[in-house]
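In: I would like to see how this sequence folds:
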Amino acid sequence: MRIENRRASDEPNLAASFKTAVMSVSGAVVSVCVKYAMYDGTFRLSHWSTKQILALYKCLEHYSGVHYYGSDLQRISDDPSLSDLLPARHPVHTMLNERPDLTQEDYSEANKSFSVKSFIFADHGETCRISCAFGDHVHRAEVLPAYIAMNLYGSLKAGIDLSGLVTAEAGGSA
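Out: Below you'll find the model as predicted:
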């Protein structure tokens, strides 16, 4: 038997940060684009339809609820000075310092080439794995450290909540 001693940063598909864009029509979320900045310096796109994003949202909500207490997110929320003790490439830092730009072109490319048809969410404790099947039978998995996954949940929650608030009936006279 051989035991490999691997660090999370050795994972080829480990997400270091992300940015989301939520598209809504009349207060309903139509789709979400996620652009991940990967630990190795590359970027990955995914486009989620309403059905898929709501399922991912529920998975992330459950994952966050199970793993929040004792997590980096909880500890840093309780004592922000703890972040000073963490390595430079810790998810607490990469989430802020390595956030990708998400452009309209990225959104269009994600919709065209990386539209999620189905996915499997796996809870691995300190990380979660989101294995997606896209069109043309392409498969890919992203591994999110707990801190990144919990922030993705928060971002999706804020985007979904906000989509209902920003819609307003046209009014007035022109």
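
In: with adjacent residues omitted, what lies nearest to residue 72?
Out: Using CB to CB, 6 or more residues apart in numbering and skipping the chain neighbours, the partner closest in space to residue 72 is residue 147 (4.5 Å). For every residue, glycine as well, the C-beta is placed using N, CA and C.

In: run through the residues that contact that neighbour.
Out: Going by CB atoms under 8 Å, 6 or more residues apart in numbering, residue 147 touches 71, 72, 73, 91, 92, 95.

In: give me the contact list for stretch 129-138.
Out: Contacts of stretch 129-138 (CB under 8 Å, 6+ apart): 46, 56, 113-122, 139-144.

In: restricted to strands, list the residues you listed.
Out: Among these, the ones falling in strands (DSSP state E) are 46, 116-122, 139-144.

In: mark which of the residues you listed are buried, thanks.
Out: 46, 116, 119, 121, 142, 143, 144 (16 or more other CB atoms under 10 Å).

In: who does the third one form a beta bridge with?
Out: Beta-bridge partners of residue 119, counted by DSSP bridges, are residue 132.

In: and residue 112, how far from residue 71?
Out: Counting by CB to CB, to the nearest Å, the gap from residue 112 to residue 71 is 36 Å.
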